[in-house]
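> Next one to model:
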Amino acid sequence: MSPTKHLRLRELIAEDLETARRRDPAARTGLEVALLYPGVHALWLHRLANRLWHTSLLLRLPARLISQLARAVTGVEIHPGAVLGRRFFIDHGMGVVIGETAEVGDDVLMFHGSTLGGRSMSKGKRHPTIGDRVVIGAGAKVLGPITIGDDVRIGANAVVVKDVQDDSVVVGVPGQTRKVAGAEDSVDPAYYLDPAIYI
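Numbers count the residues shown, from 1 in each chain. Sure thing, here's the model as predicted:
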């Protein structure tokens, strides 16, 4: 996970715009993304709130206010304490929830209605850690202080409550982990290439 705190906000904003244009085939111009993409707006407001959250205890209330404003405007709720990597893209956005102790790697794609949530009300680490280049399908729930490896694909509406190794695909309720390349894999590999399992 690349640290974002050393990058200027305007550099991150420019990178977020380019990421949205690259990841979404419907995006035509940077101006269109900047004006009309709620997932990008939520990410920008989070980047500001996150800076405030980690700067001073006195700035945590303003950080929460910004995150709640973002929720009201975009339908995306990201706690200001969550750590998000670079080139993160939230497609469509509505209904996405990311909890306080969640950590998200670089080049992650997250679809609408998905959650990085907790399974307990105790303090401390209670939300997932997501590796690099992970795809989280629409409506998927990743719950608890678990670790999702790099290059994992989580299918739409899957519920994941256990650690997932690198290069795996998770589908179903509860989530069943399958390796994309493995002799024991009983699912047709073409199934994993079908984008319909993610949206």
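> tell me which residues in stretch 16-34 are buried?
Neighbour-count burial for stretch 16-34 flags 16, 17, 19, 20, 21, 24, 27, 33 (criterion: 16 or more other C-beta atoms under 10 Å). Where C-beta positions appear, they are placed from N, C-alpha and C, glycine not excepted.
> Narrow those to those in helices?
Counting by DSSP state H, the part of the buried residues of stretch 16-34 found in helices is 16, 17, 19, 20, 21, 33.
> tally of neighbours for the residue lying closest to the third one once chain neighbours are set aside?
Of all residues beyond its chain neighbours, the one nearest residue 19 is residue 87 (4.4 Å), with distances taken as C-beta to C-beta, 6 or more residues apart in numbering. As a burial measure, the neighbour count of residue 87 was computed by other C-beta atoms under 10 Å and equals 20.
> Give me the secondary structure label for residue 87.
coil (DSSP: H, G, I helix; E, B strand; the rest coil).
> I'd like the distance between it and residue 133.
10 Å (C-beta to C-beta, to the nearest Å).
> Name the residues contacting each of those two.
Taking C-beta atoms under 8 Å, 6 or more residues apart in numbering as the criterion, residue 87 and residue 133 both touch 106, 107, 108.
> tell me the contacts of the second one?
For residue 107, the contacting residues are 85, 86, 87, 88, 132, 133, by C-beta under 8 Å, 6+ apart.
> residue contacts, the third one?
Contacts of residue 87 were listed using C-beta under 8 Å, 6+ apart, and they are 15, 16, 19, 106, 107, 108.
> for this protein, which helix is longest?
Ranking each helix of the chain by length (DSSP H) puts helix 38-55 first.
> Just the buried positions in whatever helix or strand comes next after that helix, please.
Per DSSP states H and E, helix 38-55 leads on to helix 60-74 as the next helix or strand towards the C-terminus. Using 16+ other C-beta under 10 Å as the test for burial, helix 60-74 gives 60, 63, 64, 66, 67, 70, 71, 74.
> Run through who's touching helix 60-74.
With C-beta under 8 Å, 6+ apart as the test, helix 60-74 has contacts from 38-39, 41-42, 45-46, 48-50, 52-53, 76-80, 93-94.
> and with 10 Å instead?
The contact list for helix 60-74 (C-beta atoms under 10 Å, 6 or more residues apart in numbering) reads 37-46, 48-56, 76-82, 90, 93-94, 96-98.
> And those, which of them are buried?
37-46, 48-53, 76-82, 90, 93, 96-98.
> a markdown table for the buried residues of helix 60-74, including distance to residue 162 and pLDDT?
Listed next are the buried residues of helix 60-74 as a markdown table, based on distance: C-beta to C-beta, whole Å; pLDDT from 0 to 100:
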| residue | distance to residue 162 | pLDDT |
| --- | --- | --- |
| 60 | 32 | 95 |
| 63 | 32 | 96 |
| 64 | 31 | 96 |
| 66 | 33 | 96 |
| 67 | 29 | 96 |
| 70 | 30 | 96 |
| 71 | 29 | 96 |
| 74 | 30 | 95 |
